Structures are given as C-alpha cells and as structure tokens.
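> Sequence and computational prediction follow.
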Amino acid sequence: MKERDRERFESFVRGTRTAMLRIAQNLCRASGLDPEDLVEETLERACRQLERGDGPDPLALPFITTVMANRHIDLCRRRRAMEGAVAPVPPSEDASMPEPEQVERWRSVDDRQLLAAVEALAPGRIREAYQLHVEGLRYRQIAERLGVPEGTVGSDLSIARRQLRRLLLGGQW
C-alpha cells in the first residue's frame, strides 16, 4: 500500500472506529456475533479495496457501513445454515453487550496490562497469529507464515480477542 494511502487509512480508522463499533454493536445485539470482529473484518475489506484502487472510495462512511451491514448479513446467513446442520449452541457471555462497568474497566487497561495479557495467551498458533496481526500482517500473510487457511487465522484471532477480554476484564491485572 502506498504511504499516502496507509496514512489516510490510519487516520480514517482513528476517526471512525468508535462510531463503527457502535454500529457493529447495534447490528450484533440480536445475532450474538462479536462486534469487534465485525469491525475488524470490515476494515480489512476496506484496506484490500484501497490497495486495489478500484471501485468506490473504501474510506467513505457510507461505503464502510454498507460493507459492515452486508458482512453482518453474510455471517448471520452462515450461522443460520450451520444451525440447521448442527444442534444450536447457547450464546456465550461474550456475545452480549458489555455492562457499563466492563466498558469502564476496558478503558482503564494500559499498555503494560495489554502486553502482559498477550503474553498470558496460551503459547502456540493462537498467540502467534495474534502477535503477527498486531505487527500489521494481513490474514493471508499470517496464513502463509503459519501454514493454515485464512479462515483459520480469522478464527484464531477471534479466540485470542475473547481470551484477552476475559483476562483483562477479569481483573487479573
């Protein structure tokens, strides 16, 4: 990605991430999907669109919200199809909206606590996938480096985020 595009993308994320998360929380409220994962997948798609340089401006808010809504619909359809194939799984506590005290606790997490929580992730592919993602590698690059499919990388990152939330919101630090 060109340096100018990277700076534009990072500026866009800083300016809209909170609003995107609010939209994702509203979308995911009834579906039980993880709003943070939905925002990450939406930003990943916008970044790929920006790299390709074709089509509409991926950093326009209407484009981003449309991508997020469409991705949410796709994930809900996939979930419904899976539920038809297997017994339903009760929603986890992670699928619910966070309580106000959890939001406040999350805001109080500092860099030292976050780094300690990442180190507390079980050693192996999930921790390695998360660390590579934090370094800025794309799903495809992480998949190639770890020798797994891209979908597995997405699943591993989702698991890592859940574990980090439990560690950090559980008050262990």
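Thanks, I have the structure now. All figures in this text were calculated on a predicted structure; none of them were measured in a lab.
> ok, the spatially closest residue to Gln131 that is not a sequence neighbour to Asp34 distance?
Using CB to CB, 6 or more residues apart in numbering and skipping residues adjacent in sequence, the residue nearest Gln131 is Val118, 6.9 Å away. To be clear about C-beta, it is placed using only N, CA and C from the backbone, and glycine gets the same treatment. Using CB to CB, to the nearest Å, Val118 is found at 18 Å from Asp34.
> who has more neighbours, the two?
Comparing Val118 with Asp34 by other CB atoms under 10 Å, the one with more neighbours is Asp34, at 21 against 16.
> and the more buried one, what are its phi and psi?
phi -80, psi 120 (degrees, to the nearest 10).
> neighbours around Leu164, how many?
Using other CB under 10 Å: Leu164 sits among 17 other residues.
> ok, now which ones touch it?
Leu114, Ala117, Val118, Leu121, Tyr130 (CB atoms under 8 Å, 6 or more residues apart in numbering).
> do you know how far the second one is from Val148?
Taking CB to CB as the measure, Ala117 falls 23 Å from Val148.
> Looking at those two, which one has more neighbours?
Shown here are Ala117 and Val148; by other CB under 10 Å, Ala117 has more neighbours (21 against 15).
> Quick check: which element contains Gln141?
Counting by DSSP states H and E, the element that carries Gln141 is helix 139-146.
> okay but Asp57 is in contact with Ile64, surely?
No - in this structure Asp57 lies outside contact range of Ile64 using CB atoms under 8 Å: 9.7 Å.
> of these two, who's got more company?
For Asp57 versus Ile64, neighbours defined as other CB under 10 Å are more numerous around Ile64 (23 against 13).
> Quick check: buried residues in the helix or strand encompassing the more buried one?
Here Ile64, judged by DSSP H and E, is contained in helix 61-85. Across helix 61-85, burial judged by 16 or more other CB atoms under 10 Å covers Phe63, Ile64, Thr65, Val67, Met68, Arg71, His72, Leu75, Cys76.
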